[in-house]
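Asker: My questions concern the predicted model and sequence given below.
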Amino acid sequence: MILILDFGGKCSRIAGRIVRESKVYCEIYPYDISMEKIKEKNPQGIIFTGNAKEEVNKEIFNLGIGIIGLDSENNLLSEKYNIKTYENESYNDDTKKIIKDFLFEECKVKPYWDMKDFVDKSIKGIKEQIGNGKAICALSGGVDSSVAAVLVHEAIGDNLTCVFVDHGLLRKNEFEEVESFFREKYNMNLITVDAKDRFLNKLKGVTDPEKKRKIIGEEFIRVFEEEQSKLNDIDYLVQGTIYPDVIESGGDENAVVKSHHNVGGLPEDVNFELVEPLRQLFKDEVREVGTILGIPEEAVNRQPFPGPGLGVRVLGEITEEKLEIVREADYVFRDEIKKAGLHKEIWQYFAILPNIKSVGVYEGKRTYNYTIGLRAVYSIDGMTAQWAKIPLEVLEKISNRIVNEVDHVNRVVYDITSKPPSTIEWE
């Protein structure tokens, strides 16, 4: 494997994607990772990325493996340790060539990272972990949890029970669509739970996005514990945690960007053993696994949707009225994107309800209503993203429909910020 040591910036994600695409396994850690951890990982090469202004452990250079620096600031390390450095911080052919030459010419690694092999090994590993035990799966209906559920179902069959919680934070028609898909397509053991009032009561008055995520994450676990108590001998919880969740939540020694409910939001006293078969995969790799497992295209390429759902797309306090507004606006946005034939081109697109109101005019009278924000991005795995240049005539249709069809909205704005510096979600 290849170890990527991150000194900040977006370059570590770019390097990680290129290494994985080259069919070589890699992991990303902060620059100050302990030598014990590095030796435990036993890498065949190390890539420094970002603004390397901090001192690194000199023992790294005694490991006898290839080391390069990627990014303009890494010339500081070159000066000190005489390693090759490159001024690249973009996903382009030059960067790919630099990294591939490092992998195959200097480190002499073999391209063994393969998703078919990953699926086979994962099924075997899940069987070994769970044995004849029983598992419960936190099913949200999104790509990650769906692929995780099908992968575990391949391994243990009817010993898996999926629990789909309607927390009141789902998109329009989502509950019915997900329930139909898993019951009819896979005939899985599926329990549906109506917990809308429970979640909204817990979130009442909460405005801080990190607190929202943690409340939603903990409440999910409590729901599963209650469902577990109704079943016999369930000791395992399956989650669709993926690598960007781990990195952004500060897991595996990384710095926190935002807590994902399935990583940063877990309470400490859970009584499950976690099963996270996708924990080391990027989003595009998850989709590839789904395709290998035979999951239909419409499900594999479904829009990414955060575990906390619309809870992180309603800024400020969450109320039923606000949820209905963003749900309807989001439905219009997705409908018009599909009609324009852009739904396969754009990686993710959704509506946000910022916690602001503004003055408007309707039928000659003053209004004071909500603003809807629209977000659409191109991305490979969600680690970096470029804002999508939707044609103006399409945006005009979307805006006109939202202000005319969605109550309490008199303004629509479009987010033209890439990641970084922004994240894809607003909270």
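Answerer: Structure received. Numbering: from 1, shown residues only.
Asker: drop to CA atoms for contacts and neighbour counts, all remaining ones
Answerer: Fine.
Asker: remind me, longest strand of this structure?
Answerer: Scanning the chain for the strand with the most residues, using DSSP state E, yields strand 365-378.
Asker: what ranges do the helices span in the stretch 301-427 of the chain?
Answerer: Per DSSP state H, counting those that start in this stretch, the stretch 301-427 of the chain carries helices over the ranges 320-339, 392-405.
Asker: still on that earlier bit, can you state the direction angle for the longest strand of the chain and helix 320-339?
Answerer: For strand 365-378 against helix 320-339, the angle by axes from the mean of the first three to the mean of the last three C-alpha atoms, to 10 degrees is 50 degrees.
Asker: Out of the helices of the stretch 301-427 of the chain, which gets nearest to Lys124?
Answerer: helix 320-339 (38.6 Å; C-alpha to C-alpha).
Asker: And the longest strand of the chain, what's buried?
Answerer: Neighbour counts using 16 or more other C-alpha atoms under 10 Å place 367, 369-378 of strand 365-378 among the buried residues.
Asker: Stretch 195-210 now?
Answerer: Neighbour-count burial for stretch 195-210, counted by 16+ other C-alpha under 10 Å, picks out 199-200, 203, 209-210.
Asker: quick revisit: nearest to Phe164, out of the helices of the stretch 301-427 of the chain?
Answerer: Ranking the helices of the stretch 301-427 of the chain by proximity to Phe164 (C-alpha to C-alpha) places helix 320-339 first, at 19.1 Å.
Asker: can you map out the strands along the stretch 51-200 of the chain?
Answerer: For the stretch 51-200 of the chain, the strands defined by DSSP state E, counting those that start in this stretch cover 66-70, 84-86, 134-139, 160-166, 189-194.
Asker: quick one, which of these is packed in tightest?
Answerer: strand 134-139 (a mean of 25; mean count of other C-alpha atoms under 10 Å).
Asker: so what does it touch, helix or strand wise?
Answerer: Counting contacts by 3 or more C-alpha pairs under 8 Å, 6 or more residues apart in numbering; DSSP states H and E, strand 134-139 packs against helix 143-156, strand 160-166, helix 209-230, strand 234-238.
Asker: could I get those as TSV with distance to Asp284?
Answerer: Shown next, in TSV, are the helices and strands packed on strand 134-139 (distance: least, C-alpha to C-alpha, whole Å):
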stretch	distance to Asp284
helix 143-156	10
strand 160-166	24
helix 209-230	24
strand 234-238	20
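Asker: I'd like the ones you listed written out as CSV, with distance to Ser418 and mean pLDDT added.
Answerer: Formatted as CSV, these follow (distance: least, C-alpha to C-alpha, whole Å; pLDDT from 0 to 100):
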stretch, distance to Ser418, mean pLDDT
helix 143-156, 23, 94
strand 160-166, 31, 91
helix 209-230, 20, 88
strand 234-238, 32, 89
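Asker: between the ones you listed, which one is nearest to Tyr349?
Answerer: Ranking these by proximity to Tyr349 (C-alpha to C-alpha) places helix 143-156 first, at 15.0 Å.
Asker: roughly how far is the closest one from the heart of the chain?
Answerer: Centre-to-centre, helix 143-156 and its host chain are 16 Å apart (C-alpha atoms, centre = their mean, to the nearest Å).
Asker: do the same with stretch 130-139
Answerer: Per C-alpha atoms, centre = their mean, the displacement of stretch 130-139 from the mean C-alpha position of its chain is 22 Å.
Asker: averaging pLDDT over each of the strands of the stretch 51-200 of the chain, which comes out lowest?
Answerer: Mean pLDDT values for those show the minimum at strand 84-86, a mean of 69.
Asker: What separates the first and last residues of stretch 123-142, distance-wise?
Answerer: Taking C-alpha to C-alpha, to the nearest Å, stretch 123-142 runs 21 Å from one end to the other.
Asker: Any stretches of the stretch 301-427 of the chain with poor pLDDT?
Answerer: Within the stretch 301-427 of the chain, no range satisfies pLDDT under 70.
Asker: rerun that using 80 as the cut-off
Answerer: Applying pLDDT under 80 to the stretch 301-427 of the chain flags residues 304, 380-383.
Asker: quick one: the helix or strand encompassing Glu36 to chain centroid distance?
Answerer: Assigning secondary structure by DSSP states H and E places Glu36 in helix 35-41. Taking C-alpha atoms, centre = their mean, one finds helix 35-41 lying 27 Å from the centre of the chain it belongs to.
Asker: Now do the following helix or strand past it against strand 66-70, angle only.
Answerer: Counting by DSSP H and E, the element after helix 35-41 in chain order, helix or strand, is strand 45-49. Using the same axes, to 10 degrees, the inter-axis angle of strand 45-49 relative to strand 66-70 is 20 degrees.
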